[in-house]
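Visitor: Build me a structure from this.
(2 chains)
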Amino acid sequence: MIATALAILAALGVGAALTWVLERLFWQPGSEPGPAHIAEIGRNLDIVNSDRWLLPAGPVVALAGVALAMVVVPFGPGLIGRDLRIGVFYVIVVIDFVVLGLALAGWGTDTPDAVEACYRIIAQLVAYVVPLGLAYVGVIMMARSLSTVAIVEAQNGLWFVVLQPIGFVLYLVTGLMQSYRAPFLEPFAVSIGGGVLGACGGWSALLWRIALAGVLFLVAAIGAVLYLGGPNGPVLPGWVWMIIKTYGLMALMLGLGRTVRPLSTASMLALSWKILIPLGLLNVLLVGGFILLGIGPSRP
Amino acid sequence: MSEAFEIVAFGISAFIAIAGALGMATTMSMFRSGIFLMSSFIGVAGLFILLTADLIGLLQIMMYIGGFLVMILFMVMVMHDPGGAMMAGMDMAFVERWFSKGLVPREPPHSGHSDMHADHGQEQRAHDRQSHAMPQSNAGDHRGHSVHHDEHADDDDQSMQDMDDSGHEGHAAHHGNDKSGMDMGGMDMSMVTPVRPAAAWLAGAIGVVLVSMLLLRPTWRVVNAMPDPDSARRIGQLLMEKYMIAFEGAGFLILIGIFGAVLLARPTIYPDDASRRARVAVDKKPEPIAAEGLVPLAVPDKQAGQHEPHQSEEHGA
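Guide: Presented below is the predicted three-dimensional model:
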């Protein structure tokens, strides 16, 4: 059990480091490479009115959420922390701890910018959580299981990205919202001094960097599991396929995100409720139709 | 899972649940209070997971993190003192302010210095000792006392005047139980009402009743059968077959509730425009947050467009 935990933490560390490298590749002068560049490790901040409990709790809670979610990501046959029966739902739930951590730290910092960032982060949670759930639902309907391993097995014949292109697009957009990358950078905008990350330094900056890179890694890995068949693939071993798919998906998300103008939180909510949720419902309807027509993975 | 692990996990979950509930009731900060309640429910979710009801446990975590963060957001918008800064300097029992540790008190607004009183010399002496011991230190809740009482000392000469002014905050905050019904100067005095000790006793009595019910319960039947490990499928089937009407009905009611909220929030459809305008400032253009770098996608004139018919209606009436 302890060995598994250490292996998961190591996977998280490596994944976060590679994510950071990949993000540097998308850096352009003038555009924000990601939220984490504001979190300067070398800075030593003495925040006057900060809450002594909530502020340090923030990064710890966030990183704990990411590390817990890593447990159910399958990196290959047998290379999984634990195959929970409700694995995908577990991921949705446990990633919420990142939002909780950001909100705790934002309020605990007690500067106008950080509290504003706290509000924006909660509003962003409201924006993405329903369409994100709908992006998962289509896959769950076809795979007839919440377990990540079962979802990968259901895609032996055909990846779900072919069967559910709408769901895939929905996942890309909501995944970017969930990981606070390019067009959805509002909580960490330069105009509010980086929000929570503008008021961290030392160990908390390091934890924030790992947590935020880990969220993007996790979102891409779960996306690869849900829509790209996870570690399935010819010739190469499973874990290589998983890494290729994860970072390919991540590059796709980051690259697409860079092409869009940054959205404010209000327009994020409008996008979510007016476009993404109807799209998600349409996707669920289509998938239901496919299942009735017998298209998709064969029934046991 | 070994038995020792289960006992440790149970202990941690139960501690989080109980300490969270206690903290919720005893902190001065509404934000902390919400977080404590959330952690209490997360502890209960841990207990659910230990009972192999993992789906219920995770549902509980999801609902309470998302729901409570949004609830806290609304609370911060509506409440007068969500951070507990005004209340943090209150003179309370040790247990009562234990979970307020680390809150930095500040003066309530509109409290002029000359309005402060110092007619309770005994207590002041006690606190003066504190403030001399650590002048201007960051020592959490003590700082509030020092700030208050330095001012008390300054204003000794004009005490016992202005008794009915709005400047009783610092005062009433120290002697919450005997002051009520007076003008509190807009401060949220919900924590210092005279009902507080009665409420505490009532809560204690209910707690005693509940615990005694647990102790005096009839022995529970212990069944040897293992619960279904695939509880998600079972719950889904129950919701979609046996309890479908109740499930869908609840969803429908919530949808109607959302419609109602959206309808009420629309500026021109609000039942009473005059009273709404007196309270709500959303129709005004919000002040930009320090040099907004992001251009919103939505056309900013939309707000002004909503504003226009509003105004003309007013003129017509």
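Visitor: residue ranges of the strands in chain A, please?
Guide: Read by DSSP state E, chain A holds no strands at all.
Visitor: any idea of the pLDDT on the residue lying closest to A:Val287 once chain neighbours are set aside?
Guide: Using CB to CB, 6 or more residues apart in numbering or on different chains and skipping the chain neighbours, the partner closest in space to A:Val287 is A:Gly138 (4.4 Å). To be clear about C-beta, it is placed using only N, CA and C from the backbone, and glycine gets the same treatment. Note for A:Gly138: predicted pLDDT of 92.
Visitor: where does the chain dip in pLDDT?
Guide: Unless you meant another one, I'm taking chain A. A:28-34, A:36, A:299-300 (pLDDT under 70).
Visitor: sorry, should have said chain B
Guide: In chain B, residues with pLDDT under 70: B:1, B:85-98, B:101-193, B:266-317.
Visitor: Which parts of it belong to which domain?
Guide: With domains defined by automatic domain parsing, chain B comprises B:1-79, B:106-197, B:228-282.
Visitor: Buried ones in the top helix by length along chain A, by neighbour count?
Guide: In chain A, with assignment by DSSP state H, the single longest helix is helix A:112-143. Of all the residues in helix A:112-143, those buried under the rule 16 or more other CB atoms under 10 Å in any protein chain shown are A:113-143.
Visitor: before we move on, the earlier item: check the gap between the residue nearest to A:Val287 and chain B for me.
Guide: For A:Gly138, the distance to chain B (CB to the nearest CB, to the nearest Å) stands at 16 Å.
Visitor: Confirm for me that that residue is in contact with A:Asn283.
Guide: Yes: at 5.0 Å, A:Gly138 and A:Asn283 qualify as touching, with contact defined as CB atoms under 8 Å.
Visitor: which neighbours do the two share?
Guide: A:Gln164, A:Gly167 (CB atoms under 8 Å, 6 or more residues apart in numbering or on different chains).
Visitor: residue contacts, the most centrally placed residue in chain A?
Guide: Closest to where the C-alpha atoms of chain A average out (CA atoms, centre = their mean) is A:Val219, at 3.2 Å. Residues near A:Val219 by CB under 8 Å, 6+ apart: A:Gly175, A:Gln178, A:Ser179, A:Met253.
Visitor: quick one: contacts for the last one?
Guide: A:Met253 makes contacts with A:Leu172, A:Gly175, A:Leu176, A:Arg181, A:Leu216, A:Val219, A:Ala220, A:Gly223, as judged by CB under 8 Å, 6+ apart.
Visitor: quick one on the thing from earlier: how far out from the middle of the chain is the longest helix of chain A?
Guide: 10 Å (CA atoms, centre = their mean, to the nearest Å).
Visitor: which one is the residue nearest to the centre of chain A nearest to, not counting chain neighbours?
Guide: Ranked by CB to CB, 6+ apart and with sequence neighbours excluded, the top spatial neighbour of A:Val219 is A:Gly175, at 4.2 Å.
Visitor: Past the helix or strand hosting B:Arg32, which element shows up next along the chain?
Guide: B:Arg32 is part of helix B:30-50 when elements are defined by DSSP states H and E. The helix or strand immediately downstream of helix B:30-50 is helix B:54-78, counting by DSSP H and E.
Visitor: what's that next one packed up against?
Guide: Contacts defined by 3 or more CB pairs under 8 Å, 6 or more residues apart in numbering or on different chains; DSSP states H and E place helix B:54-78 against helix A:87-109, helix A:112-143, helix B:30-50, helix B:231-237.
Visitor: what's the angle between it and helix A:87-109?
Guide: 30 degrees (axes from the mean of the first three to the mean of the last three CA atoms, to 10 degrees).
Visitor: List the buried residues in helix B:54-78.
Guide: Neighbour-count burial for helix B:54-78 [16+ other CB under 10 Å]: B:54-62, B:64-66, B:68-69, B:72-73, B:76.
Visitor: Now do that helix: everything it contacts.
Guide: Under the contact criterion CB under 8 Å, 6+ apart, helix B:54-78 has outside partners A:84-86, A:89-90, A:92-94, A:96-97, A:99-100, A:103, A:119, A:122-123, A:125-126, A:129, B:30-31, B:34-35, B:37-38, B:41-42, B:44-49, B:82, B:231-232, B:235.
Visitor: Among the contacts of A:Val219, which lie within helices?
Guide: Going by DSSP H, the helices hold A:Gly175, A:Gln178, A:Ser179, A:Met253 from these.
Visitor: B:Phe31 and B:Pro82 touch, don't they?
Guide: Yes: counting by CB under 8 Å, B:Pro82 is a contact partner of B:Phe31 at 5.6 Å.
Visitor: Can I get stretch A:100-118 in CSV? Just the C-alpha atoms.
Guide: Only the C-alpha atoms of stretch A:100-118 are listed here, as CSV (Å, rounded to 0.1, in the frame of the first residue of the first chain):
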residue,chain,number,x,y,z
LEU,A,100,-11.5,24.2,-2.3
GLY,A,101,-7.7,24.8,-1.7
LEU,A,102,-7.7,27.8,-4.1
ALA,A,103,-10.7,29.3,-2.3
LEU,A,104,-9.2,28.7,1.1
ALA,A,105,-5.9,30.3,0.2
GLY,A,106,-7.7,33.2,-1.6
TRP,A,107,-9.7,34.0,1.4
GLY,A,108,-6.9,33.4,3.8
THR,A,109,-4.5,35.7,2.1
ASP,A,110,-6.9,38.6,2.9
THR,A,111,-5.8,40.9,0.1
PRO,A,112,-8.3,42.4,-2.3
ASP,A,113,-6.7,40.6,-5.3
ALA,A,114,-6.7,37.2,-3.6
VAL,A,115,-10.2,37.5,-2.3
GLU,A,116,-11.3,38.5,-5.8
ALA,A,117,-9.5,35.4,-7.1
CYS,A,118,-11.4,33.3,-4.6
